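Student: Can you look at this prediction? I've put the sequence above it.
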Amino acid sequence: MSTVLEERPAAADAIQKFTATLMIRRFDPDVDTEPRWQEFSVEMLPTDRVLDALHQIKWEQDGSLTFRRSCAHGVCGSDAMRINGRNRLACKTLMKDLDIEKPVYVEAIKGLPLEKDLVVNMEPFFASFREVQPFLQASSKPDKERLQSVEQRARFDDTTKCILCAACTSSCPVFWTDGQYFGPAAIVNAHRFIFDSRDEASEVRLDILNDKEGVWRCRTTFNCTEACPRGIQVTQAIAEVKAAVLRGRP
Amino acid sequence: MSDIPDSSTVPTKTVDGVHYHQHDVVIVGAGGAGMRAAIQAGPGASTAVISKLYPTRSHTGAAQGGMAAALANVEEDNWEWHTFDTVKGGDYLVDQDAAEILAKEAITAVLELENMGLPFNRTPEGKIDQRRFGGHTAEHGKNPVRRACYAADRTGHMILQTLYQNCVKLGINFFNEFYVLDLIMGEVDGQKRPAGVVAYELATGELHVFQGKAVIFATGGFGKIYKTTSNAHTLTGDGVGIIWRKGLPLEDMEFFQFHPTGLAGLGILLSEAARGEGAILRNSEGERFMERYAPTIKDLAPRDIVARCMRTEIREGRGAGPNKDYLYLDITHLSPEVIDAKLPDITEFARTYLGVEPYTEPVPVLPTAHYAMGGIPTNVKAEVLQDNDTVVPGLYAAGECACVSVHGSNRLGTNSLLDINVFGKRAGDNAVAYVQTADFVPLPDDAAEFVQGLIHQVSTATGTERISTLRRELQESMDTNAQVFRTAETLNQVTEVIGDLRERYKNISVQDKGKRFNTDLLEAIELGFLLDLAEVVIYSALSREESRGGHFREDFPKRDDEKWLVHTMAYLTGDAHSADAGDHIKLSTKPVVITNYQPMERKY
């Protein structure tokens, strides 16, 4: 993709390319018993994304480097990874926003089973998501749309933005030590329905999240909020769910 | 609770390392169309959805602006106006019976999504809010109409999430990161029928055969034949390519849509909803140039027209920037509150990727490859056609991979989110009805043989050509020669490039020799599909000696209804890898269905 950027007809043209060093935590399940760090050099523009750097390595140096990606602009949620110790989307992290005087460290997100290089097993993450009943439950069958005021719609707007990238859940220290914890993303998706005026199953979800692996495991470290590439106020959403659990209603 | 039953994701048997599954309905692809089909099929039949990605990664989620339906929630509207706009927008190559279904069923489709939980933006009365979009008008072109139902500028995200949520609710069986590489066809009473598909499991490198009474293709588009594109890396046209390699036809492949407002140089989309909310395209002189080309609806003219006008402005020296090679999308006159409420994501894209602040600065934009109007021909029941009239019973296609044809030669914005819902649903309904009486078509003993051969051939490749180099050369040639403007000369240049790349593809190198998550192998196979499809696009484009909708031939700049008011049907008739496309592609035509609207000159 760097070739695309070379032709970007913006002011970036005037800016010189530079050499960046990437330290990537590699793991080949067929060969390695433990992950290992490998160093790569890439030619980058400041406006290139970390995903462009990974592509340059895969396409020009080492075809075996393995990572997930699809949309490449932060909406599909495929490429959450740890970049310099922080969970981010590789396609939303520009080289110019990193300290390129030093190597850029890239590794898989934590807390989910490592499969290969930057790829983890996402099944436990999606299993938690499914457990909070993340779908509208409403008994009425209207002929037209259910009415919802602008204010009611705004109440849960923030948590509708979730792209299930797992950046939040895999940044949570509680999740690292206790894989049974639902994790922030599942709670965010529960929030999205608990506070939807059309939904009738809030009590069920609040009950699920009142479990010992539910919202009370959250220690409000705010890692999730910092990690969210969609800017969702995750910790606040969890706090709102906690308050709703205590009230017994949204 | 909606635990997905484990039993049905477990293979029924494993023979020589190949796993076998059996489901009534096998759906390939888990974007909007595939999951909408699954929601219809799941409750009535054993259903499996096989997807190259996790469902929520599908590119439906990148759609921004809205989904058209003449709800008339905010101003007068009706489905007949919507039908007319769709037909005219498609430059009269639209099958009008299909367009009528699209516009009529749109209303139910939107209400069903709302009932499933989709959080649409609301009017002050609490109804679904609607906004303007290109080419959607009141009273047959009189003025723009508010027809697009939306959720900020993330309507596709909400549709994808809502459909996935409802699949979870129904306990649909998903096979995620399974890459379908072959369709197995059989014969019943001398009639072609699908027997199943063969998939490569990315996590393990193992093969799975899915036997199905009905097979639905919902695999999306193939925008990666171009370099500058709004499409995801994964949109390599595998499904369309599989159909092609089976000798089934592809329709109207020369019609590819270039969305006017991609971020310049990157192709990341800035929704047409911006112009729906009042954004203005400007040239280097600050002029609102669309007033000259489309005096009535200006910036809200259909995409093909706006993209051509932009290219014309640049050609005539009125491009902006140091190299005069882009234009501006200006939303600085909108208040930050409106921008944040209605266009939050696209303004963030401009900030993140171009460092431009849309509150105060115009955003550099250029047309970007966006959408394939053509694809797998189907009838209005979403049944796949094997020629102009004959269906393949049990085989369905819906969404961007299909060609119904509701988009004709140019799709209107918001009609694709509509298409996946209307025809995805139809595919699911009709597949369920079909499997009630149909039997499984017996699988051949060597069902996985072709895919085993393909994987072996690619994974043992020890040549010297890099996949990424070949792909880039294809994409660059397509961008240069087969974009908004084409001529026989430019198209022939791509033909030469493809011929050269086919030769070099025989000498590729695949470095990853492992079995697990071998995305190096995947990219090599994807390139094979891209080459096949680019060739069909170019060959079809060379044949159509007229200009219509998204296909503008500078050497034939007029629309020619006498000769070309017909669909193009392309068939693979020989060795796909022979050097001369004429040796293995046969073209014919299919009549356009015209009901109420006779072709007229297209003015806006």
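Tutor: Right, received. Where do you want to start?
Student: Need the three-state assignment for the spatially most central residue of chain A.
Tutor: For chain A, A:Ala167 is the residue whose C-alpha lies nearest the centre (CA atoms, centre = their mean; 2.8 Å). Secondary structure for A:Ala167, judged by DSSP: H, G, I helix; E, B strand; the rest coil, is coil.
Student: how about the residues of the stretch 1-150 of chain B that lie near chain A?
Tutor: Contacts of the stretch 1-150 of chain B with chain A, taken as CB under 8 Å from any CB of the partner chain, map to B:1-4, B:53-54, B:56-59, B:61-62, B:110-111, B:114-117, B:119-128. For every residue, glycine as well, the C-beta is placed using N, CA and C.
Student: B:Pro364 should be in a strand, yeah?
Tutor: Yes. Counting by three-state DSSP, B:Pro364 is located in a strand.
Student: I'd like to know how many residues surround the closest residue to it other than its chain neighbours.
Tutor: Leaving aside its sequence neighbours, B:Pro364 sits nearest to B:Ala264 (CB to CB, 6 or more residues apart in numbering or on different chains; 3.8 Å). Neighbour count of B:Ala264, defined by other CB atoms under 10 Å in any protein chain shown: 28.
Student: Tell me the pLDDT of B:Ala264.
Tutor: On pLDDT, B:Ala264 comes in at 95.
Student: Distance check, it against B:Asn323.
Tutor: In this structure, B:Ala264 and B:Asn323 are 10 Å apart, going by CB to CB, to the nearest Å.
Student: B:Asn176 bridge partners, please.
Tutor: B:Ser51 (DSSP bridges).
Student: any idea of the pLDDT on the closest residue to A:Gln137 other than its chain neighbours?
Tutor: Take A:Gln137 and drop its neighbours on the chain: the residue closest to it by CB to CB, 6+ apart is A:Ala201, 3.8 Å away. In this model, A:Ala201 is scored at 96, pLDDT.
Student: Contact partners for A:Ala201?
Tutor: A:133, A:137, A:193 (CB atoms under 8 Å, 6 or more residues apart in numbering or on different chains).
Student: Which strand or helix spans B:Leu412?
Tutor: Using DSSP states H and E, B:Leu412 sits in no helix or strand.
Student: got a list of what it touches?
Tutor: Counted by CB under 8 Å, 6+ apart, B:Leu412 has contacts B:68, B:85-86, B:89-90, B:133-136, B:302-303.
Student: give the contact list for B:Asp182.
Tutor: Contact analysis of B:Asp182 by CB under 8 Å, 6+ apart lists B:197-198, B:242, B:448, B:450-451, B:454.
Student: before we move on, what about B:Asn78?
Tutor: B:70, B:72.
Student: Ok, B:Asp439 next?
Tutor: B:188, B:213.
Student: State the pLDDT value of it.
Tutor: At B:Asp439, pLDDT is 96.
Student: and it, that's in a strand?
Tutor: No. Read with three-state DSSP, B:Asp439 is coil and lies in no strand.
Student: Please tell me how far it sits from B:Leu454.
Tutor: For B:Asp439, the distance to B:Leu454 - CB to CB - is 29 Å.
Student: and if you look at A:Lys17?
Tutor: For A:Lys17, the distance to B:Leu454 equals 38 Å [CB to CB].
Student: Among those two, which residue is more densely surrounded?
Tutor: Neighbours were counted for A:Lys17 and for B:Leu454 using other CB under 10 Å; B:Leu454 has more, 17 against 14.
Student: hang on, that one is in a helix, isn't it?
Tutor: Yes. According to three-state DSSP, the state of B:Leu454 is that of a helix.
Student: how about it, what does it touch?
Tutor: B:181-182, B:525.
Student: Ranking helices and strands of chain A by mean pLDDT, which lands last?
Tutor: helix A:2-6 (a mean of 37; mean pLDDT, DSSP states H and E).
Student: and after that one, which helix or strand comes next?
Tutor: strand A:18-26.
Student: same for that following strand, what does it pack against?
Tutor: Contact here means 3 or more CB pairs under 8 Å, 6 or more residues apart in numbering or on different chains; DSSP states H and E; on that basis strand A:18-26 packs against strand A:36-44, helix A:50-60, strand A:104-107.
Student: Any chance of a markdown table for these, columns mean neighbour count, distance to chain B and mean pLDDT?
Tutor: Shown next, in a markdown table, are those (neighbours: other CB atoms under 10 Å in any protein chain shown; distance: least, CB to the nearest CB, whole Å; pLDDT from 0 to 100):
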| stretch | mean neighbour count | distance to chain B | mean pLDDT |
| --- | --- | --- | --- |
| strand A:36-44 | 16 | 14 | 97 |
| helix A:50-60 | 23 | 3 | 98 |
| strand A:104-107 | 21 | 16 | 98 |
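Student: Need the pLDDT of A:Ala10.
Tutor: So, for A:Ala10, pLDDT stands at 48.
Student: swap in A:Glu213?
Tutor: pLDDT, A:Glu213: 86.
Student: ok and the residue in the stretch 1-150 of chain B nearest chain A?
Tutor: Residue of the stretch 1-150 of chain B nearest chain A, by CB to the nearest CB: B:Gly117 (3.0 Å).
Student: go on, the stretch 301-450 of chain B?
Tutor: Closest point on the stretch 301-450 of chain B to chain A, by CB to the nearest CB, is B:Asp325, at 4.4 Å.
Student: OK, contacts around that residue?
Tutor: By CB under 8 Å, 6+ apart, the neighbours of B:Asp325 are A:9, B:264, B:314, B:319, B:366.
Student: what's the most distant pair in the contacts of B:Leu412?
Tutor: By the measure CB to CB, B:Gly90 and B:Phe133 form the most distant pair in those, at 14.9 Å.
Student: more neighbours, these two?
Tutor: B:Gly90 (32 against 28).
Student: Look up how far B:Val384 lies from that one.
Tutor: Taking CB to CB, one finds B:Gly90 at 21 Å from B:Val384.
Student: try B:Thr378
Tutor: 5 Å.
Student: Overlap of the contact sets of these two?
Tutor: Shared contacts of B:Thr378 and B:Val384 (CB under 8 Å, 6+ apart): B:396-397.
Student: one step back: now, which of the residues of the stretch 1-150 of chain B next to chain A lie within helices?
Tutor: Those of these mapping onto helices are B:110-111, B:114-116, per DSSP state H.
Student: Can you select the buried ones from those residues in PyMOL?
Tutor: Per 16 or more other CB atoms under 10 Å in any protein chain shown, the buried members of these correspond to this PyMOL selection:
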select buried, chain B and resi 110+111+114+115+116
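Student: for the ones in helices among the residues of the stretch 1-150 of chain B next to chain A, which one is nearest A:Asp32?
Tutor: After measuring those against A:Asp32 - CB to CB - the closest member comes out as B:Met116, at 44.4 Å.
Student: show me what contacts that closest one?
Tutor: Per CB under 8 Å, 6+ apart, neighbours of B:Met116: A:135-136, B:39, B:162-163, B:165-166.
Student: Could you do B:Ser230 as well?
Tutor: B:62, B:223, B:259, B:262, B:267-269, B:368-370.
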